[in-house]
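> for reference, the sequence and a predicted model appear below.
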Amino acid sequence: LLSESRDLMGNLQGVVLREQAAEVVAAARQCQHCSQLLAVKGSSAVVYRTAFGKIRLDAPRLYSRCSSCGVRVARASSFSPLANALPERTHPQWSWLQTRYASAMSYKLARSFLHTSFAGAANLPSSSVRANVQHVGARLEAEMQQRAEDFWVEHHNDPAVDVEAAVHARSEHTRDEPQE
C-alpha cells in the first residue's frame with residue numbers, strides 16, 4: 001500500500017509539473033508586443049528532481065526575435081523559458097528533505113534514510129546529498145551577506161543605530177578572552 005501511494009503521488013506530481021511547465025512555455029512563447037507566437041528553434045527535455053523521482057519536462061528553445069514585428073524578447077538569439085524558470089532543476093521540498101536529514105546525520109546515513117523513505121532517492125549517491133547541502137549553505141550565506149549589506153546601506157548614517165559600536169561590541173564579546 002505504501003509503495004502504491006508513493007507511485008500514485010509521483011504520477012500525480014508528474015502530471016501537475018508537466019501542466020505547469022506547459023503553461024510557462026505557452027506564456028513565454030507569445031510575443032509581448034504583437035501577441036504572435038515566437039518560433040520554436042528546437043526541443044529538449046529538462047530533468048526535474050523531486051522526492052518522488054525524476055520527471056522529464058519538454059523544454060523547447062524559442063527564437064528570441066518575433067518574426068512578425070521584430071521585437072527581441074531576450075539578449076541571446078534563442079532561449080529556453082523552462083530552463084530559465086527552473087535554474088536549480090530540483091524541487092524545493094526535495095532540497096529541504098536532503099538538507100534536513102544531512103544536517104542531523106552523516107551524508108551516507110541521510111542517503112540511506114531518504115532511499116528507504118522516498119522514491120526519488122533510488123539512485124541518489126551520498127555525494128549528491130553533500131553537494132546539495134553545500135549549495136543550500138552557499139545560497140544562505142549569500143542571502144545573509146546581502147541582508148547585512150542592505151542593513152548597512154540603510155542604517156550607516158542613522159544616529160539611532162550605531163552600527164560600528166554594535167559590531168565592535170559583538171567582536172569584543174566573541175573573543176576567546178576570559179570575561180570578568
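Yep, it's here. Numbers count the residues shown, from 1 in each chain.
> which elements pack onto the longest helix that the chain contains?
Longest helix of the chain, by residue count under DSSP state H: helix 126-155. For helix 126-155, the helices and strands in contact under the criterion 3 or more C-beta pairs under 8 Å, 6 or more residues apart in numbering; DSSP states H and E are helix 92-104, helix 107-117, helix 163-173. Where C-beta positions appear, they are placed from N, C-alpha and C, glycine not excepted.
> buried stuff in the second one?
So that's helix 107-117. Of all the residues in helix 107-117, those buried under the rule 16 or more other C-beta atoms under 10 Å are 107, 110-114.
> check the longest one too.
Neighbour-count burial for helix 92-104, with 16+ other C-beta under 10 Å as criterion, is recorded at 94-95, 97-99, 101-102.
> ok, stretch 3-13 next?
By neighbour count, and taking 16+ other C-beta under 10 Å as the criterion, the buried residues in stretch 3-13 are 6, 9-10, 13.
> next: stretch 56-71.
57, 59-66.
> same thing with stretch 29-48?
For stretch 29-48, a neighbour-count test (16+ other C-beta under 10 Å) marks 29, 31, 38, 46, 48 as buried.
> sorry, back to before: any idea which of the buried residues of stretch 3-13 is least confident?
Lowest pLDDT among the buried residues of stretch 3-13: residue 6, with 82.
> now do the residue nearest to it when sequence neighbours are not counted against residue 106, distance only.
Spatial nearest neighbour of residue 6, chain neighbours left out: residue 119 (5.0 Å); criterion: C-beta to C-beta, 6 or more residues apart in numbering. To residue 106, residue 119 is 22 Å away according to C-beta to C-beta, to the nearest Å.
> swap in residue 44?
From residue 44 across to residue 106, the span is 36 Å (C-beta to C-beta).
> show me where this protein dips below the pLDDT cut-off.
For the chain, the stretches with pLDDT under 70 are 159-180.
> which residues does the residue nearest to the spatial centre of it contact?
The residue lying closest to the centre of the chain (C-alpha atoms, centre = their mean) is residue 88, at 4.2 Å. Applying C-beta atoms under 8 Å, 6 or more residues apart in numbering, we find residue 88 in contact with 95, 135.
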